[in-house]
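Novice: okay, sequence plus prediction incoming.
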Amino acid sequence: WKVAGGGRWVLLGPNGSGKTTLLKLITGYNYPSRGRVVILQREFGHTDLRILRSRIGWVHYDLRNMIPEYMNVLDVVLAGGKGTLSFFEAPTPAERLRARNNLRALRAENLSVRHFSTLSTGERQRVLIARALMAEPEILLLDEPCMGLDPLSREEFLDSLSTLFVEKKEMTVVTVTHHVEEITEAYEGVLILNDGKVLACGERRRTLTADTISRLF
């Protein structure tokens with residue numbers, strides 16, 4: 001599987017197919033038993049994975065429950081620039097501006113003074129992505145970002161992602177899902193996994209065929 005810089009890809013597959021395992025490989029939290037893994041021109045076994053991880057933003061469901069309840073949205077985003085869950089330092093004007101710009105890119109700037117614990121599921125997802133952007137990652141991994149969203153909230157969230165992709169053209173994005181309807185035209189490629197194996201991989205229009213989806217589900 002090869003993804004060019006600035007690529008937009010989806011990992012599609014049912015539960016237990018290996019999607020999250022593959023994300024852990026990309027981030028260096030799992031290590032391959034065979035084969036080669038090269039991320040951002042760095043090959044596993046010949047690079048410091050701690051440094052590599054600092055160039056990758058990973059937004060996953062469990063992160064929502066790790067944010068302290070007392071934190072407001074702006075501080076949650078600012079903490080992302082430090083790679084921490086809490087923010088204890090006085091932010092600089094430049095950091096505040098960047099945090100607000102990231103929220104605006106996700107259409108969430110109006111949430112900045114709200115407590116994170118009071119947000120809806122969709123609002124939390126937007127804030128967590130804005131948080132990940134504070135570290136200016138070269139790769140952004142979104143692990144089932146639409147989980148728990150109702151149909152309307154899902155459409156609004158996917159629309160805001162499309163806007164973000166336009167603003168961050170240079171950033172590579174990989175989104176995990178097991179819902180075909182979440183794969184918008186903003187994505188160019190799809191890697192389909194089933195039972196830990198690749199069922200199909202390639203351009204979205206050629207990969208998402210009726211035959212492939214029937215075999216998958």
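Specialist: Done, it's in. Numbering: from 1, shown residues only.
Novice: and for Gly13, nearest residue in space, chain neighbours not counted?
Specialist: Leu193 (3.8 Å; Cβ to Cβ, 6 or more residues apart in numbering). Where C-beta positions appear, they are placed from N, C-alpha and C, glycine not excepted.
Novice: who does Gly202 form a beta bridge with?
Specialist: Taking DSSP bridges as the rule, Gly202 bridges to Val190.
Novice: I figured it hits Gly189, correct?
Specialist: Yes. Assessed by Cβ atoms under 8 Å, Gly202 is found in contact with Gly189 at 6.5 Å.
Novice: ok, the two, which is more surrounded?
Specialist: Gly189 (19 against 14; other Cβ atoms under 10 Å).
Novice: chain neighbours aside, what residue packs nearest to the more buried one?
Specialist: Per Cβ to Cβ, 6+ apart, closest to Gly189 is Trp9, 4.4 Å.
Novice: shaky segments in the protein?
Specialist: Residue ranges of the chain with pLDDT under 70: 87.
Novice: determine which residue lies closest to the centroid of it.
Specialist: With distances taken as Cα atoms, centre = their mean, Leu142 lies nearest the centre of the chain, 2.1 Å away.
Novice: show me the helices in this protein, by range?
Specialist: 19-26, 49-53, 73-80, 93-105, 121-133, 151-167, 204-207, 210-216 (DSSP state H).
Novice: turn the ones you listed into CSV, including mean neighbour count and distance to Thr184.
Specialist: Below are those laid out as CSV (neighbours: other Cβ atoms under 10 Å; distance: least, Cβ to Cβ, whole Å):
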stretch, mean neighbour count, distance to Thr184
helix 19-26, 18, 18
helix 49-53, 14, 28
helix 73-80, 25, 24
helix 93-105, 17, 17
helix 121-133, 24, 15
helix 151-167, 16, 6
helix 204-207, 14, 9
helix 210-216, 12, 16
